[in-house]
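S.K.: sequence first, predicted coordinates after that:
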Amino acid sequence: MKQEVQLYIEGQRVDLFNDETIQITSSIQNVKDIAKVFTDYSQTFTLPASQTNNKVFKRYYNPDVIGGFDARFKVDAVIEINYQPFRTGKIKLEGVDLKDNVPSAYKITFFGNIVNLKDLLGEDQLDGLNWLSNFDTIHSYDNVKAYLQNGRDFTIDSVSYTDAIIAPLISAEQRWYYDTATNIAGSGNLQTVDSGLRGAYYKDFKYAIRVYCILKAIEKKYTIANGYPVNIVFSDDFFSTSETDFYGLYMWLHREKGRFGLSGTRNTYLSTMNPESWEGVVMGTNNFSIFDIFSFSGTLYYEFTLNLVVSTSGANFNVYLERDGSVVESKLANTGSTSYALSFANLTQNGNYKIRIEHTTGFNVISTSTIDLVANFSGGAPESNTFTFTANQTISTDDNFIITSNIPQMKVIDFLTGLFKMFNLTAYERDGEIVVKPLNDFYASGSTFDITEFVDMSQSSVSPSTLFKQINFQYAGLGSLFAVKHKELFNLDWATEEYALEDKFDGDVYDVTAPFEHHKFERIYNDATGASTSIQWGWSVDKLNDDGTGSNYLGLPLLFYAPLSGSTSIRLRNDASFDSVTSYYVPSNSVSLSSSNTINYKAELNEYTNTVFNDTLFSNYYSDYISDVFNAQTRLTKVTAYLPIKILTQYKPEDTFIVSDRAYKINSITSDLTNGKSEIELINIV
């Protein structure tokens, strides 16, 4: 039956060809590509070059039109069928067909909103999440001691973030051990039985941030991009303070090998000094804030002068301009004066810009300091704005621990993808929110539709559900010493699950790889007596040197849990004194020291209890789905159906379809919206 399709682009209904075929494919979890998240998309289709459509696309075919439609970006779109809502998403203008130099049709593609998420995040790095500056702190002996025992809470915009920053027992360099029979000065011996300047040296500690805070920073950053309003809001179905498997995760703030602050230099970002003073400005049609610049055109570039006034004569410091974490220009060895006019010119690329001051001695930046920002247009007069510091700010001799300077280098999209691959999450957009759920919960929330009467029973096909003979679930980073030793001892990669049936059938090997480092941790025993302690630690080295020291290791971003321990006191030291610490955060691959829920893919001996913990990422989040896919009774069935509007506009990918009294999960649906004809791939529920 013929159905009428309505398409709205940025709120404006556009004209369609009467005979145009519009197909939309929906899929969330596809057995042919298990590790990917799918969403709605369409084949490219065409719109007539009508008067209405010419206005919507602002006569894009004419390059002389100034301020016209920008085909580099997707724009909001809504599809209705017979005026009933079907899908919201984005369209991209692919091109314009002309006949006799007159436009005849516009070629467009429709995308679901989750697809646009990848475009929006692009190449952005975690260090561009400016909201994380709210968690900046000082790296000092007193703070390491405090964060090791209690963590640090932050309140931001009246929201409390509990234990947002901690100092876990992970050494960036020195080996830690426990031996009540020895007392070697300067060693990493943690015992507190006698006196001695030894133990865990505070500069071997690096802080860790709760992963939940990184998710919030993503939401805070993406409120406007490329000149368009956006709204990234994740649901709290899984990304929640009550979901312990997720909320307990931390990321180690380890960006460079070795100890923190070894170079003797300190770094301060001006954006952390008084962020309230950096207000957004409007220059022509370009709307931006001082540290986020976007919508460059071929006729526009920015330049600015930093008029920095310091109160300490003879201060020696370097000033760097960074874009997305990389230095693009620098002004070095500023000394001999208390006033500096530092010019940075020809900023012509989109990105997150920051000004970093590198220094070895403390000094004050005073309130007369300014930034003069100028937008230059070819053939037009420049427009300028001035930003002024509103209060004195001390740049301290302490080691500033800037979160964005120490967070590992990683793309935001890779970080999110990694979480999805760990917990087998799926995402879809609903009512302006990105709903994120584990796949099992996703299917459990679906409804049931009996489509038997709409299926063309005259033809269908049945095939095996998968062509994979084995699926490997693994982490990309397994290069730390204890993980390497595990491989040497057992000839198996640490925490890697290789799922296959005992009788392997023909097919390919498929890898589900989380882009994180995965350490094996170690419970420490007393070398003198062999007795166990309550100490568990991590060591960021990749091999042992001849003298027994470790070779410092960077690796990929490390995620871990951090339960509190402490029945065994440990010694913490600086260069001149030491303290006994009776509670401390230990790194763990289990939610707690006694919980069997782990972020290992494979059931391994728990490092602390020396018993096998079976509640792995695979068993908790993948097993049901994968075992169904590998089941000998599972089939991938393809049918043709003519779905009525009441089903076409209401079904969701998590729903169950009934065909001839048999229940199926939806693998994918490709529907012609003009007549309801749908090619459906179904997986029978066994």
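M.R.: Thanks, I have it. Residues are numbered from 1 along each chain as shown.
S.K.: farthest residue from the center of this protein?
M.R.: Here the chain reaches farthest from its C-alpha mean at residue 100, the gap being 48.7 Å by C-alpha atoms, centre = their mean.
S.K.: got any ranges where the stretch 351-500 of the chain has weak pLDDT?
M.R.: Within the stretch 351-500 of the chain, the stretches with pLDDT under 70 are 351, 360-398, 466-467.
S.K.: measure the residue sitting nearest the centre point of the chain to residue 584 for me?
M.R.: By C-alpha atoms, centre = their mean, the chain has its centre lying nearest to residue 415, at 3.0 Å. Noted for residue 415: a distance of 27 Å to residue 584, by C-beta to C-beta, to the nearest Å. C-betas here are computed from N, CA, C, even on glycine.
S.K.: circling back to that earlier point, who's in contact with the residue nearest to the centre of the chain?
M.R.: Each residue near residue 415 by C-beta atoms under 8 Å, 6 or more residues apart in numbering is listed here: 126, 214, 557.
S.K.: list the contacts for the first one?
M.R.: For residue 126, the contacting residues are 214, 404, 407, 408, 409, 410, 411, 412, 415, by C-beta under 8 Å, 6+ apart.
S.K.: and the last one, by the same measure?
M.R.: The neighbours of residue 557, taking C-beta under 8 Å, 6+ apart as the test, are 251, 252, 254, 408, 410, 415, 515, 516, 517.
S.K.: three-state assignment of the nearest residue to it once chain neighbours are set aside?
M.R.: In space, and not counting its chain neighbours, residue 557 is closest to residue 408: 3.8 Å by C-beta to C-beta, 6 or more residues apart in numbering. Under DSSP: H, G, I helix; E, B strand; the rest coil, residue 408 falls in the coil class.
S.K.: which residues touch residue 408?
M.R.: 126, 251, 252, 253, 254, 255, 556, 557, 558.
S.K.: neighbours around the second one, how many?
M.R.: Burial of residue 251 is recorded as 21 neighbouring residues (other C-beta atoms under 10 Å).
S.K.: the third one now?
M.R.: Close neighbours of residue 252, defined as other C-beta under 10 Å, add up to 27.
S.K.: one more: the fourth one?
M.R.: Other residues within reach of residue 253, judged by other C-beta under 10 Å, total 24.
S.K.: surely it touches residue 207?
M.R.: Yes. Residue 253 lies in contact with residue 207 (C-beta atoms under 8 Å); the separation is 5.0 Å.
S.K.: chain center to the strand ranked longest in the chain: distance?
M.R.: In the chain, with assignment by DSSP state E, the single longest strand is strand 84-99. With C-alpha atoms, centre = their mean, to the nearest Å as the basis, strand 84-99 stands 29 Å off its chain's centre.
S.K.: what are the contacting residues of whichever helix or strand comes after that strand?
M.R.: Next in sequence after strand 84-99, counting helices and strands by DSSP states H and E, comes strand 102-112. Strand 102-112 is touched from outside by 17, 24, 39-49, 53-54, 57, 59-61, 74, 77, 79, 87, 89-98, 428-429, with contacts defined as C-beta under 8 Å, 6+ apart.
S.K.: only whichever of these are buried, select them in PyMOL.
M.R.: Applying 16 or more other C-beta atoms under 10 Å to the contacts of strand 102-112 leaves a buried subset, and the PyMOL line that selects it is:
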select buried, resi 24+39+40+41+42+45+46+47+48+49+53+54+57+59+60+61+74+77+79+87+89+90+91+92+93+96+428+429
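S.K.: give me the beta-bridge partners of the nearest residue in space to residue 591 that is not next to it in sequence?
M.R.: Nearest non-adjacent residue to residue 591, counting by C-beta to C-beta, 6+ apart: residue 597, 4.6 Å away. Listed by DSSP bridges, the beta-bridge partners for residue 597 are residue 615.
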